[in-house]
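Q: quick one: sequence and predicted model below, then my questions.
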Amino acid sequence: MKASDLVVTPSGVRFMGRRFPRTIGRGGLTDRKAEGDMATPRGVHRIVGMLYRPDRIAKPADWALPIGPSDLWSDDVRDEDYNMMLRAPHAFSHEHLRRADPMYDLILITDWNWPYAVKGRGSAIFIHQWRGKGRPTAGCVAFRRDHLQWIVPRIRPDSRLVIA
């Protein structure tokens, strides 16, 4: 493990000598991730992108990209752009990245099943703000807002999300 890795443990996440509470998918941890299973996939996942809401927060890092009103993420296995960021309008099932709630104000994108997605293996394992302590995600890893804002500027190009 590297100091810059986010290491998911049963009691939280270790990062840069600190521990943070976290939530994971309501389906628990899995070695056999599938679209819609609500589980968080075990493995070592590189952090490959960062998105943020410029109307709500300041740019958190030089490499962060703004989330616009028409930004989506495909979660439909029938879509040739499955597990990719897209723009509306889009005919297939997708997730809106610009949400009314603050959950996606700041997103770290992992390389889970990306950029060459295996259809049905699951889409979009993000690191984002949680809904509340103990409230599970749909498969992502989530943190308290202030903890996420502490973590993000310390992420490095070689940082990984390690889930054992």
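A: Thanks, I have the structure now.
Q: all contacts plus neighbour counts: C-alpha atoms, from now on.
A: Fine.
Q: could I get the contacting residues of the residue nearest the centre of the chain?
A: Nearest residue to the geometric centre of the chain (Cα atoms, centre = their mean): residue 126, 0.6 Å. Shown in contact with residue 126 (Cα atoms under 8 Å, 6 or more residues apart in numbering): 107-110, 140-141.
Q: would you turn these into TSV with pLDDT, neighbour count and secondary structure?
A: Output for these, formatted as TSV (pLDDT from 0 to 100; neighbours: other Cα atoms under 10 Å; DSSP: H, G, I helix; E, B strand; the rest coil):
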residue	pLDDT	neighbour count	secondary structure
107	98	24	strand
108	97	20	strand
109	97	20	strand
110	97	22	strand
140	98	24	coil
141	98	23	strand
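Q: just curious, which of these is nearest to residue 45?
A: Proximity of the contacts of residue 126 to residue 45 (Cα to Cα) peaks at residue 110, which lies at 5.8 Å.
Q: the closest one bridge partners, please.
A: Using DSSP bridges, the bridge partners assigned to residue 110 are residue 47.
Q: how many residues are close by the nearest residue to residue 42 once chain neighbours are set aside?
A: Excluding its sequence neighbours, the residue lying closest to residue 42 (Cα to Cα, 6 or more residues apart in numbering) is residue 163, at 4.7 Å. Applying other Cα atoms under 10 Å, we find 19 residues neighbouring residue 163.
Q: with residue 37 instead?
A: Look at residue 37: counted by other Cα under 10 Å, it has 17 neighbours.
Q: ok, it - contacts?
A: 27, 138-139.
Q: now residue 161
A: Applying Cα under 8 Å, 6+ apart, the residues near residue 161 are 5-8, 44-47, 110.
Q: quote the end-to-end distance of stretch 37-49.
A: 24 Å (Cα to Cα, to the nearest Å).
Q: what are the boundaries of the strands in this structure?
A: 6-9, 12-15, 18-20, 29-30, 40-41, 43-52, 65-66, 71-74, 85-87, 94-96, 106-110, 126-129, 141-143, 160-163 (DSSP state E).
Q: out of the contacts of residue 37, who has the most neighbours?
A: When neighbours are counted by other Cα under 10 Å, residue 139 leads the contacts of residue 37 with 28 neighbours.
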